[in-house]
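> this one's structure only:
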């Protein structure tokens, strides 16, 4: 019997070279991790206008489609070229967009800044008042003098720490504002890029699909196109429902807080509207710090009425506003919503916190369809396959 030693040696040599190459590559990556991270950050900074432009174009596309559908209902516009209708729809959309930005810069942001500044200036007083109230309550509780003095010392330390922390936050806020201003040019460039994307979006989509069909197998393309369409539909429904809901909730709370004659009405309304982007319990999360502030700045009855109003508005939003806008629920339980929010927020920050739910919905529904199709191929029902499997074993 003759052995082919040459082939075996060749395999061993190739395996050894691959292992050596991978080891050198891993060593290079780990030894230059800081440089790689810095290089990745530079690429992210370069691509940031395109990322922002894509996000702006995706959001403004709702309004462009809305105006296009309105124009196409008239006979005069049906006779016009579609590109002209697209251009007119874009002009109206960007007019509303820039009008909203001007409204923010001229009216809302200055008032919002004054609310934040006033709140930060008064916070040390609120903390000291809360500490004094706690000390007063301790005097009416029968405990030893050693424990009372220990608690009083800790309360004083807490007040000092909180005041120092808030004082240190002011330079951080100023630095953050400077960074926002430095991104102004990127934002202008992103708006220009979004205009190109909106005007020629069908052409961009056609080029991308042509590339995928030419390079990747047909089966993988069908699956990819299906997942992308599902993600687009889910994200559009989610953003539309939560965006409109957040605006309605924010305006509603702003009016209610003005009627209640509470300080920081705009700050509180913005907090409740922004946290309402989180499904189901977001408004309650935003209400927790507000209730704590109201307990220090107002009476207990005011805080109680505020909690009742939050519950009522949240129930109306969850059962009336969001279902009417989105057309259907998310299709997953509250446990998976919490799981997606925690996972997305911890990995990708605020963006992950906002987009984790629609991404998880797409992954969940895709896996669910795959599992159900596999069960049907094996002859099991979708509802309770475990019970049928156990009966077959018996």
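Cool, got the structure. A quick note: this is a predicted structure, and the numbers were derived from the prediction, not measured. Residues are numbered from 1 along each chain as shown.

> and the next element down the chain from the worst-scoring helix or strand of the chain on mean pLDDT?
Comparing helices and strands within the chain by mean pLDDT, DSSP states H and E singles out helix 145-182 as the least confident, with a mean of 60. Downstream of helix 145-182, the next assigned helix or strand under DSSP states H and E is helix 184-199.

> Just the mean pLDDT for the very next helix or strand once past that following helix, thanks.
Downstream of helix 184-199, the first helix or strand assigned by DSSP H and E is helix 201-215. Helix 201-215 shows a mean pLDDT of 88.

> just checking, what packs against the next helix or strand after helix 201-215?
Downstream of helix 201-215, the next assigned helix or strand under DSSP H and E is helix 218-259. Judged by 3 or more Cβ pairs under 8 Å, 6 or more residues apart in numbering; DSSP states H and E, helix 218-259 is in contact with helix 33-71, helix 201-215, helix 265-275, helix 300-316, helix 322-326, helix 334-377. (Each C-beta comes from the backbone N, C-alpha and C, glycine too.)

> In a markdown table: these, plus distance to residue 384.
Formatted as a markdown table, the helices and strands packed on helix 218-259 follow (distance: least, Cβ to Cβ, whole Å):
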| stretch | distance to residue 384 |
| --- | --- |
| helix 33-71 | 41 |
| helix 201-215 | 39 |
| helix 265-275 | 39 |
| helix 300-316 | 34 |
| helix 322-326 | 29 |
| helix 334-377 | 10 |
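
> For residue 236, find the nearest of the ones you listed.
Evaluated with Cβ to Cβ, the helices and strands packed on helix 218-259 place helix 33-71 nearest to residue 236, the distance being 7.3 Å.

> Tell me which of the helices and strands packed on helix 218-259 sits nearest to residue 188.
So among the helices and strands packed on helix 218-259, helix 33-71 is nearest, using Cβ to Cβ, at 8.8 Å.

> buried ones in that closest one?
49, 52-53, 56-58, 60-61, 63-64, 67-68, 71 (16 or more other Cβ atoms under 10 Å).

> now swap in stretch 82-91 and tell me
Those would be 85, 86, 88, 89, 90, for stretch 82-91 by 16+ other Cβ under 10 Å.

> Quick check: which of the helices and strands packed on helix 218-259 is buried the most?
Burial of those is given as mean neighbour count (mean count of other Cβ atoms under 10 Å); helix 265-275 ranks first at a mean of 21.

> Which secondary structure elements does that one sit against?
Contacts defined by 3+ Cβ pairs under 8 Å, 6+ apart place helix 265-275 against helix 109-139, helix 218-259, helix 282-297.

> Turn the buried residues of stretch 82-91 into CSV, including pLDDT and distance to residue 388.
Listed next are the buried residues of stretch 82-91 as CSV, based on pLDDT from 0 to 100; distance: Cβ to Cβ, whole Å:
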residue, pLDDT, distance to residue 388
85, 87, 56
86, 89, 54
88, 91, 59
89, 91, 54
90, 90, 56
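
> Which member of those is positioned nearest residue 314?
Using Cβ to Cβ, those come closest to residue 314 at residue 89, 34.9 Å.
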